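**Q** Prediction below, plus the sequence it came from.
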Amino acid sequence: MEKELRLMKGNEAIAEAAIRAGADGYFSYPITPQSEILEYLMEANPFERTGMVVLQAESEIAAINMVYGGAGCGKKVMTSSSSPGISLKQEGISYIAGAELPCLIVNVARGGPGLGTIQPAQSDYFQSVKGGGHGDYHLIVLAPASVQEMADFVELGFDLAFKYRNPVLILSDGAIGQMMEKVYLKPQKQRSTELLEWATTGKGKREERNIITSLDLDPDGQEDFNHRLQAKYAEIQKNEVRYEEFQCDDADYLLVAYGTSARVCQKSVQIAREHGIKAGLLRPITLFPFPSVRIKELGERVKGILSVEMSCGQMVEDVMLAVGCKVPVKHFGRMGGIVTTPDEVVEQLKTIFSGGK
Amino acid sequence: MEGNKMKVVTGLKEIIKPENLAYHRSEVLVDNTLSYCPGCGHGTVHRILAELIEELGLQEKTIGVSPVGCSVLLYHYLDVDIQQAAHGRAPAVATAIKRLLPDRFVFTYQGDGDLAAIGTSETIHACNRGENILIIFVNNGIYGMTGGQMAPTTIPGMKSSTSPLGRDVRTMGNHLKMTDIVATLDGTYFVTRQSVHTPANVRRTKKAMRKAIEYQKLNRGTCFIEIVSNCPSGWKMTPVESNKWMEANMFPYYPLGDLKVPAEEKEKQQKSNNND
C-alpha cells in the first residue's frame, strides 16, 4: 500500500497507522471516546492483510496482560483506552515496565476523576509521566496535537519502545481522537518475522531459556535493577526530548501547552500579538522526557510563563521545576471536558501578568 | 571396610545400566533446589510436565506462563521459555502468546487463589474464547505462598489462617468449582480433574496431561487440568496426614475424573467398550 492522503478521525488514524507500521497485535476493550480504534481494526480485518491479530478482550486488565504476553514474545503489540480504562491497566503497565518490555499504549483521555465525563481532558498528566502504577518507573510519553501526529506517533512509539525496551504511551484526548483532519498515511510496512534474542519464542536452539519477569526477591538485585532502570530513563532524557516552538524568539511571555491546548494556544499567540503582547508557545511533544532544559533557557529570557492545560494544573509543576523561581509561572485551564478558548488564554495572560500589554 | 565399599560400588554399577533404569530426571527439569515445602504436590506436577515436554519433543517450542503463587518461580525449575505473569492474569498473557505464535506449545500453571479468585475473569474468558492453550490448575484449597489464607476453593468447614474457626458458608461463601464451570463452556475441549498423591494417580495425571498437550496441535480449544493437591504447611499436617485428609475431605467436593471429553475420544471409548 502506497503513501496515501485521507480524511480521518484521530482514532481511525491510529488504527490505520498501526496496521501500516507492521503491528503484530492489538488488544483492547471498548470505552468512549476511543472505541473507533477497535471498531476500525475489526472492520479492516488486518489479519487478512498483514497477519496482525486484533482481539476484543473481556476487560482492560486482560487487554494489557495480553499486551504483556505479546510484548514478551518480542512482538509489536499495543492497546488503547481512555482515562478510566487506563487506570485499570496500571498494574499491567507497571509489570511491563518492570519486565522491560516494549509496547504501545494509547490514552484518548477524558475528564475525571471517577467515571467523570466522556469529553476531552488533560487531567491524566501525572498518571502518564510520573508512573501511574506501583514502583519507580517511567513511560515514554508522546503528546500528539493533530490527527497527523496520531498516525505518525504510532510508528515513532514502536521505534522508541523497542529501542529502549520500555512501554510508550501516546497521551491524546477526546478532541484529537474524534476530530477529522487530513492525514498522510505511510506505505504498508512488512511485519517483522525476526525472533528477538531476549524474547520468549520457545527455546529453539538457544543455550539458555528466556525468562520474562519483574520478580527479584534479593534486595541487592532489586536495587541494582532499579539503578539500571534509572540509567535507562536518564539516557532517554538525554536523547529523546521533543518539542516545538512557535514565535518564542522575541517572546516576553511564554505559553507552555501540549496536545489540544497547544492548538488553542497557537491561536492565542496570534491574538496576543495583535494586542501588542509578545507571546510565544513551547509545545512539549514528549511529556516524558520533558523539555525542561529548553523551558529553563526560555525562562531566563521571558517575563512570565503560563502553563495551559485542560486540568487543574499538573504539567505546571514540571514547568516550575524547570525554571526554578526565576520567573513567575502560572497555570490556566478549564476542566470537566471544556476546551479552553484562545481568547480566554489571552485574557489570562493579561490578568495574571499585569503590565503585559 | 575398603573392600566392602568397593564391593557395593561394583554391585551398583552392575545394576545401573540403561536397560535397568526405570526413572531418570527429565532434561527439562533444571537442577535447582525446589522452593516447595516437603510433601507438596507441585514438585510432582512439575516433573510430569517436564517429562512430557521432553517425551513429546517440545522443549524448543514451549512457552509457559506462571503467575503469582507458590509456582511463581516455575522458571527456576523448567528449562523452557517462561513468562512470569501478574496475579490471575496468566490466561490473558497466554492468549496473546498463542495467537501470535500459534505453532508453539503454550501452557499456564496456576494455583487456586490465582485462577479461582483474582483470575476468575481471565480464566473463564480465555476458556470461553476457546484459546488453544493448556491450563494447569493446582488446587490445594488455600493460598499457600502467603501463608495459608482461605481461597474460593477452601471447602466448607475447612480451617485456614483467615477462617480459623472453619469456613462458614453463611458468611464466607461456598467453595468454587472452577473446573465444573469451565467444563460447561463451549470453548473448552478437554477438562479433567486429577491428583498426584499416589503412583497410580501420578500415572493417570500424566496420561491426561499427555492428551491435553497433544490436543493443542488440533487447535480445537482450551484444555484444562485441575490437580487436587495438598498443602502440608498450610494445612498444618505431615505430608502423609495431608494426603489422607485430602482423600477423605477434598475429593468428595472435588471428585476426580474427566469432566469433558472430546467427542472423538468418546466415540473411541464407546467403540472399545462395544468390542469388549
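**A** Great, that's in hand. Numbering: from 1, shown residues only, chains lettered A, B, ... in the order given.
**Q** For the residue of the stretch 251-357 of chain A found nearest chain B, give me its contacts.
**A** Going by CB to the nearest CB, chain B is nearest to residue A:288 of the stretch 251-357 of chain A, at 23.0 Å. Any C-beta I mention is one placed from the backbone N, CA and C, and that applies to glycine too. With contacts defined as CB atoms under 8 Å, 6 or more residues apart in numbering or on different chains, the neighbours of residue A:288 are A:128-129, A:138-141, A:236.
**Q** mind running it again at 10 Å?
**A** If you count contacts by CB atoms under 10 Å, 6 or more residues apart in numbering or on different chains, residue A:288 has them with A:125, A:128-131, A:138-143, A:168-169, A:171, A:233, A:236-237, A:240-241, A:318.
**Q** Select from those every entry located in strands.
**A** Among these, DSSP state E puts A:140-142, A:168-169, A:171 in strands.
**Q** I'd like to know how many residues surround the residue nearest to residue A:196 when sequence neighbours are not counted.
**A** Nearest-residue entry for residue A:196: residue A:74, 3.4 Å, with adjacent residues in sequence omitted and distances by CB to CB, 6 or more residues apart in numbering or on different chains. Applying the criterion other CB atoms under 10 Å in any protein chain shown, we find 25 residues in the vicinity of residue A:74.
**Q** Next one: residue A:74, what pLDDT does it get?
**A** Reported pLDDT at residue A:74 in the predicted model: 98.
**Q** Same question for residue A:324.
**A** With respect to pLDDT, residue A:324 has a value of 93.
**Q** doesn't residue A:296 make contact with it?
**A** Yes. Between residue A:324 and residue A:296 a contact is recorded at 7.7 Å, counting by CB atoms under 10 Å.
**Q** So for these two, which sits in the more crowded spot?
**A** Neighbours were tallied for residue A:324 and for residue A:296 using other CB under 10 Å; the higher tally belongs to residue A:296 (15 against 11).
**Q** Pull the contacting residues for the more buried one.
**A** Listed by CB under 10 Å, 6+ apart, the contact partners of residue A:296 are A:319, A:321-324, A:326.
**Q** and with 7 Å instead?
**A** For residue A:296, the set of contacting residues under the criterion of CB atoms under 7 Å, 6 or more residues apart in numbering or on different chains consists of A:322-323.
**Q** The residue nearest to residue A:246 when sequence neighbours are not counted: what secondary structure?
**A** Spatially, and ignoring its direct neighbours in sequence, residue A:246 is nearest to residue A:281 (4.2 Å; CB to CB, 6+ apart). Under the three-state scheme (DSSP: H, G, I helix; E, B strand; the rest coil), residue A:281 adopts strand.
**Q** sorry, back to before: for PyMOL, write the select line for the buried members of the ones in strands among the contacts of residue A:288.
**A** Paste this into PyMOL to select the buried members of those, with burial taken from 16 or more other CB atoms under 10 Å in any protein chain shown:
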select buried, chain A and resi 140+141+142+168+169+171
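**Q** And the helix or strand hosting residue A:158, what's buried?
**A** With the criterion set as DSSP states H and E, the secondary-structure element containing residue A:158 is helix A:147-164. Of the residues in helix A:147-164, those buried by neighbour count under the rule 16+ other CB under 10 Å are A:147-158, A:160-162, A:164.
**Q** quick one on the thing from earlier: from the contacts of residue A:288, list the buried ones, please.
**A** Neighbour counting by 16+ other CB under 10 Å classes A:125, A:128-129, A:131, A:138-143, A:168-169, A:171, A:233, A:236-237, A:240-241, A:318 among those as buried.
**Q** helix, strand or coil for the closest residue to residue A:195 other than its chain neighbours?
**A** Once flanking residues are discounted, residue A:195 sits nearest to residue A:201: 4.7 Å by CB to CB, 6+ apart. Classification of residue A:201 into helix, strand or coil gives coil, according to three-state DSSP.
**Q** got the residues of chain A near chain B?
**A** Proximity of chain A to chain B is confined to A:24-25, A:27, A:53, A:55, A:57-59, A:61-62, A:65-66, A:68-70, A:72-73, A:75, A:77, A:91-92, A:95, A:200-204, A:209-213, A:215 under the rule CB under 7 Å from any CB of the partner chain.
**Q** Give me the buried subset of the residues you listed.
**A** Neighbour counting with 16+ other CB under 10 Å marks A:24-25, A:27, A:53, A:55, A:57-59, A:61-62, A:65-66, A:68-70, A:72-73, A:75, A:77, A:91-92, A:95, A:200-203, A:209-213 as buried within these.
**Q** now, which of those lie within strands?
**A** Judged by DSSP E, strands contain the following of these: A:25, A:27, A:53, A:55, A:77, A:211-212.
**Q** which two in the residues you listed are spaced the farthest apart?
**A** The span of those, defined through CB to CB, is set by A:55 and A:211 at 24.9 Å.
**Q** and the residue of the stretch 101-250 of chain B found nearest chain A, backbone torsions?
**A** Here the residue of the stretch 101-250 of chain B nearest chain A is residue B:125; by CB to the nearest CB that distance is 3.9 Å. Taking degrees, to the nearest 10, you get phi -70, psi -30 for the backbone angles of residue B:125.
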